[in-house]
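Participant: 3D model of this:
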Amino acid sequence: MPATYEPIATTTLGTAATEVTFSSISGSYTDLVLVITQTATTTNNHGIRFNNDTGFNYSMTSIYGTGSVAGSERKTTSGGGSVNYIFTNNGSTGAIATVLIHIMNYSNSSTYKSLLARWGRPDSGVQASVGLWQNTAAINRIDYVAGAGNISAGSTFTLYGIKAA
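Facilitator: Okay, the predicted model is just below:
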């Protein structure tokens, strides 16, 4: 269990945007955690891109449930250059989603990078995803990108660094 979560940066969108970027991320932590509170739009296929890499070397596997439907999906070249982890919104516009993304071993320069993403909305369901960036570079930039539409104004993003115990 990590000893310390240290806030690195927080952003609250004043207007809708197609992406949120955290750059110049220090390599002094073991893991990163991105916590997002986001107002839903009609399309929520959002994803994570590392080091501004728009190539098709991302993959993801996820499971989800809506209260009436359960399913899973797998993408081997996910999302046009990002780890796509949120399936299309089937709830009401304006509902609040909470997203937690844990990026493990992000500063190691000898392994591919993996993430765990979990999100939930009381009106539409929950999802858990595992993603992989097939690159050994240390992560120093994270882009949270809208696959379609925008990320709503008022959405809050906080990036935390985790120091080893």
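
Participant: helix or strand right after the lowest-mean-pLDDT helix or strand in the chain?
Facilitator: When each helix and strand of the chain is scored by mean pLDDT, DSSP states H and E, strand 83-84 comes last, with a mean of 68. Remark: after strand 83-84, the chain's next helix or strand is strand 96-104, criterion DSSP states H and E.

Participant: And that next one, what does it pack against?
Facilitator: In this structure, strand 96-104 packs against strand 31-39, strand 113-121, with contacts taken as 3 or more Cβ pairs under 8 Å, 6 or more residues apart in numbering; DSSP states H and E. In short, each C-beta sits where N, CA and C put it, glycine included.

Participant: Include mean neighbour count when you put those into a markdown table, please.
Facilitator: Formatted as a markdown table, these follow (neighbours: other Cβ atoms under 10 Å):
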| stretch | mean neighbour count |
| --- | --- |
| strand 31-39 | 20 |
| strand 113-121 | 20 |
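
Participant: Could you dump those into a markdown table with distance to Gly47 and mean pLDDT added?
Facilitator: Formatted as a markdown table, these follow (distance: least, Cβ to Cβ, whole Å; pLDDT from 0 to 100):
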| stretch | distance to Gly47 | mean pLDDT |
| --- | --- | --- |
| strand 31-39 | 12 | 91 |
| strand 113-121 | 9 | 89 |
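
Participant: Of those strands, which is nearest Gly154?
Facilitator: For the helices and strands packed on strand 96-104, the distance to Gly154 is smallest for strand 31-39, at 5.5 Å, taking Cβ to Cβ.

Participant: relative to strand 96-104, how tilted is that closest one?
Facilitator: Angle of strand 31-39 versus strand 96-104, following axes from the mean of the first three to the mean of the last three Cα atoms, to 10 degrees, is 170 degrees.

Participant: got the CA coordinates for strand 31-39 in PDB?
Facilitator: Extracted C-alpha coordinates of strand 31-39, given in PDB (Å, rounded to 0.1, in the frame of the first residue of the first chain):
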ATOM      1  CA  ASP A  31       2.700   5.400  -9.800                       C
ATOM      2  CA  LEU A  32       0.300   8.000 -10.900                       C
ATOM      3  CA  VAL A  33      -3.400   8.300 -10.100                       C
ATOM      4  CA  LEU A  34      -5.800  10.600 -12.100                       C
ATOM      5  CA  VAL A  35      -9.100  11.300 -10.400                       C
ATOM      6  CA  ILE A  36     -11.800  12.900 -12.500                       C
ATOM      7  CA  THR A  37     -15.300  14.200 -11.800                       C
ATOM      8  CA  GLN A  38     -17.000  14.900 -15.000                       C
ATOM      9  CA  THR A  39     -20.400  15.900 -16.200                       C
END
